[in-house]
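S.K.: Turn this into a structure:
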Amino acid sequence: MHPSRRQTFLPLLYGQRTIVRSLVLYLAALSAVTASAQQELRPPASAAVGVFPQSRIPFVGSASPRAELVCRRLPPVQAPNGPWWEEPLHQQMRRECESMPTTLESLIIRTLEHSAQVQVFSDLPLIRETTIMEANAAFDWRGFMETRWDDISDPVGSVLTVGPGGSRFHDHRWKYDAGVRQKNRLGGQFEISQKLGFENSNSTFFVPQNQGTSRLSISYTQPLLRGAGRVYNTSLVLLAEIDTEVANDEFAGQLQSHLLEITRAYWTLYLERGSLLQKGRLYDRAKAVLGELEGRAEVDAAASQIARARAAVVQREADLLRAEMSVRNAEDRIAALVNDPELARREIELIPLDVLTCDPIAVDMQQAVATAYHQRPEIDQALRQVKAAAVRLDMSKRELLPQLDLVLETYVSGLRGESDIGQAFGDQFSVGEPAYSVGLLYEVPIRNRAAHARHVRRQLELRQLRNQFRSTAETLMLEVKVAVREVDTAYRETLAKKRSMEAADGRLDYIHERWQHLPGEGRSAGLHLEDLLVAQEQLAAAEFGYLQASTTYSLALMDLKRATGVLLQDERISHAVVDVDGVPSALLNKEPLPAAEEEPVQDDLPPLSTPDANSQSVLRREPAGSAENEDSPQTPNE
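M.R.: Numbers count the residues shown, from 1 in each chain. The predicted structure is shown next:
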């Protein structure tokens, strides 16, 4: 071979060998990562394959044979030590401010005690409850009193008015009327009154002069058609009670949504703190690469490589600043939702102490939908609104009838001269006999258009609310199905993101080792550096994806409790009403979770919540070592 060709061929041969050796190392690393991932997914011989039983469960309310849910058991996340950022995430990061370790349970307790929004929600049922007393007050006894003095001086137009010779009629009259009346729940109006009076006149026909009068009367008016009956007259009370129950349902739904927002804000803070640690590590890696290149500047590092590394450092430093701002924003979001004065009056670093849930949770679709039908306050709210519309429709039917009232009245009276009112009062019980009257009062509007229009409106309102109930039920069914699938999908995504993170970590180790051992001159060195920086960013992205998937899974479990309506029961939140300065106030209390729920999962854990004594739990924790279900297909009957 010619010497000049040999000089050209040797570097080429050396480059080809380097490339081949690099490919062998890369394939070996990739095979190791793949084998470890497959080993993680392979269950032990004595353990069950997963959590979800392999069964085909049809969707509720769907007749299509394709509309079915296939639940398969999922393997648990194998992370005994947790990711590297888990321990520093629970430690203080900002030394210049005070730290406050907190858990999700403590935030919920603070929210129930201090949140202004929760107080707004809790006042609504108390406001509506006052309408019940107001409606019942229509049947209370009412006292009345009326008195009047009349001094009359009228010209005379007839000799029969005052007698012969009189030109003006003078009359002095005082009246007093007092008594009680009540409307009963049958629609009847009862009244008893005592009238007293004094009268003197210049008429010669007015005998005796200076009369004292007394009259005790009792009257009762009972509707026979329109407005008659206990059902009609107590309808307003029933509507007030239904309205109060609707307000309670609305309060329960709003409180569950607010607690879900607290949970979302808490895990967002967890996510942002983890992202800050990940970006900080990515920044440190870029600084290490830059330092190594600057140390090799006199040997084999090119200026372009140093400039590229410095640019990566600056860019990652900017991302780090943005991550710090996101952490502070997440803390302020929690402070705004909780409204605890202790969180608002000074700069505090909130440190989440809870650990992300990695245990698989078995969710039965049919049981979840059934629980939602029993527990969701929106279902009860829609049903009560339909019931209220039916009550209004019944009232409008009775208002189509004409008015026919039975009128009864009796009275006794007395009269004495010389203004002796007291003796007249005694005479009404001892002299003479009671007088009475009986009559009927009938009235009907011609064509009765107002009542007919009201009746048609009530029919339309009832039809509208029935359709609204159906729409609400379908919407809630959709929410439950989405929540159940989100739990399943988030768990699977967590597994996939974990494998992706491990693969990216192995790839970065290989590329970093390759970059350190290969010569730093030439175009290939710049490509290796670029591969290293890109691999670092890909690992950071994979770590963030795994962290985000883990927080999404924990949040999906809480959202499933809200979707099935058992969030308040599962969090052991109770509600009581107390008087504060004579004004009712809602008192919300959260019982601490039993210590048994914080221990490792056992085979016979009690259900998280049950709608009644015969129902089962929607969420069921499955131990990783359970061998009740093997990895074998099951028939739909099973």
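S.K.: Give me the distance between the closest residue to residue 208 other than its chain neighbours and residue 200.
M.R.: Take residue 208 and drop its neighbours on the chain: the residue closest to it by Cβ to Cβ, 6 or more residues apart in numbering is residue 417, 3.2 Å away. Placement of C-beta: from N, CA and C, glycine included. Separation of residue 417 from residue 200 (Cβ to Cβ, to the nearest Å) stands at 10 Å.
S.K.: Would you mind checking the average pLDDT for stretch 500-517?
M.R.: Here stretch 500-517 scores 90 as its mean pLDDT.
S.K.: CA-only coordinates of that stretch in CSV, if you can.
M.R.: Only the C-alpha atoms of stretch 500-517 are listed here, as CSV (Å, rounded to 0.1, in the frame of the first residue of the first chain):
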residue,chain,number,x,y,z
SER,A,500,-38.9,5.5,30.1
MET,A,501,-37.0,7.3,32.9
GLU,A,502,-34.9,4.3,33.6
ALA,A,503,-34.1,3.9,29.9
ALA,A,504,-33.2,7.5,29.6
ASP,A,505,-30.9,7.2,32.6
GLY,A,506,-29.1,4.2,31.1
ARG,A,507,-28.7,6.0,27.8
LEU,A,508,-27.3,9.1,29.5
ASP,A,509,-24.8,7.0,31.5
TYR,A,510,-23.6,5.4,28.2
ILE,A,511,-23.4,8.7,26.3
HIS,A,512,-21.6,10.3,29.2
GLU,A,513,-19.0,7.5,29.4
ARG,A,514,-18.6,7.6,25.7
TRP,A,515,-18.0,11.4,25.7
GLN,A,516,-15.4,11.1,28.4
HIS,A,517,-13.4,8.4,26.7
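S.K.: Show me the domain layout of this protein.
M.R.: 74-131+245-385+463-621, 137-237+399-447 (automatic domain parsing).
S.K.: Would you map the strands across the stretch 401-550 of the chain?
M.R.: In the stretch 401-550 of the chain, the strands defined using DSSP state E, counting those that start in this stretch lie at 403-416, 435-443.
S.K.: Could you list the buried residues of the one helix or strand residue 389 maps to?
M.R.: Element membership of residue 389, judged by DSSP states H and E, is helix 377-398. Going by neighbour count (16 or more other Cβ atoms under 10 Å), the buried part of helix 377-398 is 377-389, 391-393, 395-396, 398.
S.K.: Mind putting the domains of the chain into TSV with distance to residue 453?
M.R.: Compiled in TSV, these are given as follows (distance: least, Cβ to Cβ, whole Å):
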stretch	distance to residue 453
domain 74-131+245-385+463-621	16
domain 137-237+399-447	11
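S.K.: Most tightly packed of the ones you listed?
M.R.: Neighbour counts (mean count of other Cβ atoms under 10 Å) averaged over each of the domains of the chain peak at domain 74-131+245-385+463-621, with a mean of 17.
S.K.: ok, for residue 486, nearest residue in space, not its chain neighbours?
M.R.: Closest residue to residue 486 apart from its sequence neighbours, by Cβ to Cβ, 6+ apart: residue 556 at 4.5 Å.
S.K.: residues touching the one you found, list them.
M.R.: 483, 486, 487, 490 (Cβ atoms under 8 Å, 6 or more residues apart in numbering).
S.K.: Lowest average pLDDT across the domains of the chain?
M.R.: The weakest mean pLDDT among these belongs to domain 74-131+245-385+463-621, with a mean of 86.
S.K.: Verify the assumption that residue 148 is located in a strand.
M.R.: Yes - assessed by DSSP: H, G, I helix; E, B strand; the rest coil, residue 148 belongs to a strand.
S.K.: what's near enough to touch it?
M.R.: Shown in contact with residue 148 (Cβ under 8 Å, 6+ apart): 174, 175.
S.K.: partner residues bridging it?
M.R.: residue 175 (DSSP bridges).
S.K.: Check the spacing between it and residue 437 real quick.
M.R.: 24 Å.
S.K.: quick one: residue 558 and residue 567 touch, right?
M.R.: Yes - counting by Cβ atoms under 8 Å, residue 567 is a contact partner of residue 558 at 7.2 Å.
S.K.: and the residue lying closest to residue 589 once chain neighbours are set aside, how far is that from residue 234?
M.R.: Leaving aside its sequence neighbours, residue 589 sits nearest to residue 574 (Cβ to Cβ, 6+ apart; 5.0 Å). Distance of residue 574 to residue 234, computed by Cβ to Cβ: 31 Å.
S.K.: same question, residue 387
M.R.: According to Cβ to Cβ, residue 387 stands 14 Å off from residue 234.
S.K.: how about the strands in the stretch 151-300 of the chain?
M.R.: For the stretch 151-300 of the chain, the strands defined by DSSP E, counting those that start in this stretch cover 168-183, 189-201, 211-223.
S.K.: Format these as CSV; extra columns: distance to residue 161.
M.R.: Putting the strands of the stretch 151-300 of the chain into CSV (distance: least, Cβ to Cβ, whole Å) gives the following:
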stretch, distance to residue 161
strand 168-183, 5
strand 189-201, 10
strand 211-223, 17
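S.K.: Among these, which comes closest to residue 314?
M.R.: Taking Cβ to Cβ, strand 168-183 is the member of the strands of the stretch 151-300 of the chain nearest to residue 314, at 82.8 Å.
S.K.: Dump that closest one to PDB, restricted to CA.
M.R.: The C-alpha coordinates for strand 168-183 follow below in PDB (Å, rounded to 0.1, in the frame of the first residue of the first chain):
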ATOM      1  CA  ARG A 168    -126.900  70.200  62.300                       C
ATOM      2  CA  PHE A 169    -126.300  66.700  63.300                       C
ATOM      3  CA  HIS A 170    -123.600  66.300  66.100                       C
ATOM      4  CA  ASP A 171    -122.400  62.800  66.900                       C
ATOM      5  CA  HIS A 172    -119.400  61.800  69.200                       C
ATOM      6  CA  ARG A 173    -118.300  58.200  68.800                       C
ATOM      7  CA  TRP A 174    -115.400  56.100  70.100                       C
ATOM      8  CA  LYS A 175    -114.700  52.600  68.900                       C
ATOM      9  CA  TYR A 176    -112.300  49.900  70.200                       C
ATOM     10  CA  ASP A 177    -111.800  46.500  68.600                       C
ATOM     11  CA  ALA A 178    -109.200  43.900  69.800                       C
ATOM     12  CA  GLY A 179    -108.900  40.100  69.300                       C
ATOM     13  CA  VAL A 180    -106.900  37.300  67.700                       C
ATOM     14  CA  ARG A 181    -107.100  35.400  64.500                       C
ATOM     15  CA  GLN A 182    -105.400  32.400  63.000                       C
ATOM     16  CA  LYS A 183    -105.200  30.500  59.700                       C
END
